[in-house]
Structure formats: structure tokens, C-alpha cells
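Visitor: The sequence and its predicted three-dimensional model are supplied below.
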Amino acid sequence: MMVPYTPESGVGMMVGYSVDDGRDHMDLDPRLPLLQDADLNGKVVLLRVDHNVVKKGKILDQYRIDVTLATMYNIVERGGRPIIMTHIGRPFDKKAKKITIRQDDSVDAVVSYLQRKLRIKFVVPQFHVNGDDQGIHDIDTSINWLIQDLRSRKIGGIYLPNTRWFAGEEDKGENLQRFVIQLAGLADVYVNDAFGSWQSHASTYHITKYLPSYAGLCLQDELCHVKLVLQPARPFVAIVAGAKYDTKIGPLTEIYKKVDHLILGGVMYNTYLCAKYGIKIKGVQESDIELAKGLVEQDKTEKKIVELTHLIESDTLEGRKDGQFRVISIKDFAPGKDYNYVVDVDPTSFEMDPCKSVLSSAETIFVNAVMGLMPHFWHGTSKMDEVIDNNIKAQKFFGGGDTLQEFKSLHPKLYHEALHSPKYYLFTGGGTVLKVIEEGDPYGLEIVKALMANKESQQQLHASHNHVNAHGRLA
Ligand SMILES: Nc1ncnc2c1ncn2[C@@H]1O[C@H](COP(=O)(O)OP(=O)(O)O)[C@@H](O)[C@H]1O
Ligand SMILES: O=C(OP(=O)(O)O)[C@H](O)COP(=O)(O)O
């Protein structure tokens, strides 16, 4: 018999019912300025997303784009006129201070995909590029025509070129000011849906000082789930591997304190091994080894780092060439020994203790890890995914552009199951989750703090308007 809904009974309604698919639903977060609360009708909305899944002009994992579709629909349906932007890759070389503009890093593939998905026409404006390597200096006024067309609905949206092609995006001085003010001049409202883009750049952070700003639905959802990583059931194991050593080594010291076990792979592990065993591995920089020494020191007493015992050494980075790669064991490491490139973890490392027992007894596993140089050295990553999945009771969090993309291409069936399984959650950003674990606070990310500060200043503005109005009426 169906029990009628009353506030007291709290049971299902006559016509509606609540759906519980076993996943945690997203609670609205009152600390954030929510997209749902923004007045969008007729407004130009500058939307920052993280569509960083294009390699050589091809989309490798549509999921990273699809998770932002709800925000895009929401904006369009509520009468907003979207100007979308994302970064692709790392075209800015911090040391040389040069921006390399390559067609491979253009947003074109994303734009074609979005046009098909959203059924709206996007235009990508073109801007003048300064010199060979200084990027785009200005959003010139030719864009005003496009914005006119956007406001009058002649076009459905504008998608800006790769945000990191702009000289101001990662700058700290005049170029930054110039870019951010020009960006703000395009729109009425800013929405950040780029949870994966945690670095404080013009389009993710500084822009919030100039426009009423809101958190998109993907950002809200990921922020909600990242709180679970901060209250892990124990034992808690983090696996961190891949290539972005510069931004990921920093958080590791704090992460180390919060986990029960840490497994390293990729460039990170190579650097750690050099620091610990006094060996040399081709491609590992001396300055990076210095940074890893802190971690080695930290682990001397607590011994949380679980070492993967067998690795793949290759004479070349060109691929898996017969006779040019071999399995090496960390047992044979001795100070002063030289190795060629270490490009993968041998799968046996995951099948042997201590790694096997640590992964099979974990209650929470966070994975931001591509274990080998892709596309040829995938064997270690593939085995890692399998061993993790075998632990059916653990809560499994995967995060990172490349991590998800490789998970999908190595185990397509499992990946699709994981998207819907309450035992998995897939974060778009791996570095972001590392940063949150480092901070120990989901609201500690600079990009989130900027949104909250914007909400506060909007509220203050409203309060002072109401005050003036009230006095006006009284007078
Ligand atoms: N041993 C290694 N040597 C060189 N590159 C590696 C090695 N292991 C992994 N990689 C590379 O790391 C990249 C992924 O790293 P990263 O961008 O940090 O991951 P994510 O996007 O998941 O955070 C992959 O392109 C892979 O080819
Ligand atoms: O792919 C991304 O990060 P991830 O590799 O940590 O998942 C994001 O797009 C952030 O890229 P960035 O670390 O170059 O700022």
C-alpha cells in the first residue's frame, strides 16, 4: 500500500519518489556562491571549464567535457549567453618564459564536440599573436561584434582560444592585469566549473575580483565529494605517479602525514629512488632530487612509503624496442649506479608484498597515477587498476586527466562501471585533490576561497544597497 507523504511520515509522495542509486547525492553548499542562485537571463556568462583532454588535436576522454555539460545546459536554458574558456596542456614554459602556440593544443576538437552535444553554434575568435613565443597580448575589440551576435542570439556561444595562449594567464604583473580586465569586460557574470584547474591564474582566480562569480555544478559536485577523501576510512592509501613533478612534489610532504601508506610511481618515484639509493636515472634532474630528499628523510622513521620492487629500464624514450628494455630490481640499487630511462613499473610489483597486501587491505584508495610512459609502457598502470579493483570493499577515488584517460583506455568496461559505482568516484583533477589533501580543507583551494570572497562582497553590496533604499524611503 502506498503511504501518502506528510512532513511527519517523511515517506514517499503519491506521485514522486526519491531515487537512491547508492551514490552520495550533492548537497547544496551554502558557503559557495551557487550557479543556481545567479540571475543569468540575457547576461553574458564567462564560463571557465577544464577541458584539458586534447592531445594532438584529438579528444582522449569525453568524460572530462561531459561533466561540464550540466552547467552549460543550465546557463543556456536560463537565458545566459556563454563565453567558454579552458586551458589545454602547458604551453607556457615557466623557465624560458615562452608560450608555444601549437595547433595540437587548440580548442577546436572540443568546440566541434560541444556543437554536436549542445546543438548550438560556437565561434572561436582569432587574436593577434605577439612574436614567436610571447602569446596573445590582447583581446582586441573585434570581439565586440561577436558579443553583439551572442547577445542577439545570432550565435549560441563563443569559445575563446586556449587560455594559456594568452600572455596574461600565468603572468603576475602588467600582462595579468591587462588580460583579466579585458576578460572581465566581455561578460556580466563569471562561473568557475574548472575543479581540475586549481592553480591561481587569471581565468581561475583573478577574474573573481572583477565580476559577480559563481561555482558551476561540476565544481560543486567535486568539492562535495572531495570532503570524503578528507575523512577516509582507514587504512588510507594514496598512489601518486605521472609526469607533473613540479606541482605534485610540494603537496606530498603534507599528504604523507595524512595517509597510512603512500605508493609512488612515474617521474616522482624515479626522483625518490635517486634521492634514497644514491643512484642516477637518466632524465632525473639534480635539483628535483634535492626536493625528494625531504620525503626520504620523513620516511626513515614512519616507513609509510611502499616501494614498488620491480621497474622497467629502457635505453630509449621512443617506445618498447626489442632488446632495449629490461626489468630491474630495487634490490640491486647501490650508490653511484647509473640507469637509463626508468619508464614503467613491472606488473609483478603489484602482485607481490608489500604492495599487494597494502592494496588489498586498504579501506580508502586515492589514485592520481599513470605508472609508465604512455602509450607504450602501460603494463604497470593496467595491473595497478586490476589490483585496486580486486579490493571490493575499499572506497576508490581516481583523479587526474591522464589517470582517467588511461583508466578508460586500458579498462573500458571497468571504467564505465566505475562511473556508476558507489565504490568509485572519478575526479577530473588529480593535482586538485592532492592540493586539497595537503590543505586538509576542501575550502582551502585558492580558487574556492576566491569564489567565497566574491559571495561575501556581493552580499555586502546588497546589504548597503538595501540600507540606502531603506533610508531613501524613510527620508
Ligand atoms: N616513468 C615515466 N617517465 C616519463 N613519463 C611518465 C612516466 N610515468 C608516467 N609518465 C607520463 O605521465 C603522464 C601523466 O602524468 P600527469 O599529467 O601528472 O597525470 P594526471 O593528468 O593524471 O594528473 C603520462 O602522459 C605518462 O606518459
Ligand atoms: O589535467 C589537469 O591536472 P591533473 O593532471 O592534476 O589532472 C588540469 O587540467 C590542471 O593542469 P595543470 O596542472 O597544468 O594546471
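Guide: Nice, I can see it. Ligands and ions are numbered 1, 2, ... in the order given.

Visitor: Give the helix, strand or coil label for residue 243.
Guide: coil (DSSP: H, G, I helix; E, B strand; the rest coil).

Visitor: pLDDT score assigned to it?
Guide: Note for residue 243: predicted pLDDT of 89.

Visitor: Surely it is in contact with residue 269?
Guide: No - using C-beta atoms under 8 Å, residue 243 is not in contact with residue 269, being 11.6 Å away. Any C-beta I mention is one placed from the backbone N, CA and C, and that applies to glycine too.

Visitor: Which one's more surrounded, the two?
Guide: Using other C-beta atoms under 10 Å, the more surrounded residue of residue 243 and residue 269 is residue 269, with 24 against 13.

Visitor: Check the gap between the residue nearest to that one when sequence neighbours are not counted and ligand 1 for me.
Guide: Setting aside the residues directly before and after it, residue 269 is nearest to residue 241 in space (C-beta to C-beta, 6 or more residues apart in numbering), at 6.4 Å. Distance of residue 241 to ligand 1, computed by C-beta to the nearest ligand atom, to the nearest Å: 6 Å.

Visitor: ditto for residue 288
Guide: Distance from residue 288 to ligand 1, counting by C-beta to the nearest ligand atom: 13 Å.

Visitor: residues contacting the closest residue to that residue other than its chain neighbours?
Guide: With C-beta to C-beta, 6+ apart as the criterion, residue 288 has its nearest non-adjacent residue at 4.9 Å, and that residue is residue 271. By C-beta atoms under 8 Å, 6 or more residues apart in numbering, the residues touching residue 271 are 245, 249, 284, 288, 289, 291, 292.

Visitor: ok, 10 Å please
Guide: The contact partners of residue 271, taken as C-beta atoms under 10 Å, 6 or more residues apart in numbering, are 245, 249, 264, 281, 283-285, 287-293, 295.

Visitor: Ligand 1 contacts on the stretch 351-475 of the chain?
Guide: 368, 370, 372, 373, 374, 400, 401, 402, 403, 430, 431 (C-beta under 6 Å from any ligand atom).

Visitor: pLDDT below threshold where in the stretch 351-475 of the chain?
Guide: By pLDDT under 70, the weakly predicted segments of the stretch 351-475 of the chain are 472-475.

Visitor: let's go with 90 and repeat that
Guide: Scanning the stretch 351-475 of the chain for pLDDT under 90 picks out 461-475.

Visitor: Quick one: name the residues of it near ligand 2.
Guide: Within the stretch 351-475 of the chain, the positions near ligand 2 by C-beta under 6 Å from any ligand atom are 400, 401, 402, 429, 430, 431.

Visitor: Okay, and which of those map to helices?
Guide: Mapping these onto helices (DSSP state H) picks out 401, 402, 430, 431.

Visitor: now the third one, nearest residue through space, not along the chain?
Guide: Closest residue to residue 430 in three dimensions, ignoring its sequence neighbours and counting by C-beta to C-beta, 6+ apart: residue 400, at 2.5 Å.
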